[in-house]
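Enquirer: Only the shape, not the letters, is given here:
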């Protein structure tokens, strides 16, 4: 597309823009944007030279909040793009941290989170 919608958010200065679903929690939105940032270079390539590529997430439903972790939003958006649009993989590792009683995610072998390198 030539110009993304005014409500779209840009991913890390790339040509990738996205529209999060209505009512998404702020932490989920940050993690989803983080996941898109991990594959933004690949999405830029898929744009075919267009000025902007828009990723629109129509719905985000978390059916069971027990033990839910926001990092799942990043993993879900990456998995969706892999399965439906041929975006190459990001190795998502998951281990359980008993001391913190949380799952620990790694992205291509590196622990990271939104806003931190």
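Expert: Perfect, I can see it now. Every value quoted in this text rests on a predicted model; they were computed, and no experiment measured them.
Enquirer: Now the phi/psi pair for residue 73, please.
Expert: Phi and psi for residue 73, reported as degrees, to the nearest 10, are phi -60, psi -40.
Enquirer: all helices of this structure, in order?
Expert: Using DSSP state H, the helices assigned to the chain run over residues 26-46, 71-85.
Enquirer: Can you give me the buried ones in the longest one?
Expert: Just to be clear, that refers to helix 26-46. 28-40, 42-44 (16 or more other Cβ atoms under 10 Å). To be clear about C-beta, it is placed using only N, CA and C from the backbone, and glycine gets the same treatment.
Enquirer: Just name the closest of those residues to residue 54, please.
Expert: residue 43 (9.9 Å; Cβ to Cβ).
Enquirer: what's the nearest residue to that closest one if we skip its chain neighbours?
Expert: residue 16 (4.7 Å; Cβ to Cβ, 6 or more residues apart in numbering).
Enquirer: Count the neighbours of the one you found for me.
Expert: By other Cβ atoms under 10 Å, 25 other residues sit near residue 16.
Enquirer: how near is it to residue 28?
Expert: Separation of residue 16 from residue 28 (Cβ to Cβ, to the nearest Å) stands at 18 Å.
Enquirer: do the same with residue 111
Expert: Counting by Cβ to Cβ, the gap between residue 111 and residue 28 amounts to 19 Å.
Enquirer: Same check on residue 50?
Expert: Counting by Cβ to Cβ, the gap from residue 50 to residue 28 is 28 Å.
Enquirer: most remote residue from the protein's center?
Expert: The outermost residue of the chain, judged against the average C-alpha position, is residue 99 (26.8 Å), by Cα atoms, centre = their mean.
Enquirer: Compare the helices of the chain and give me the one nearest residue 58.
Expert: So among these, helix 71-85 is nearest, using Cβ to Cβ, at 11.0 Å.
Enquirer: Now the closest one: average pLDDT?
Expert: Averaging pLDDT along helix 71-85 gives 92.
Enquirer: Just the buried positions in that helix, please.
Expert: So helix 71-85, judged by 16+ other Cβ under 10 Å, has buried residues 71, 72, 73, 74, 75, 76, 77, 78, 79, 81, 82.
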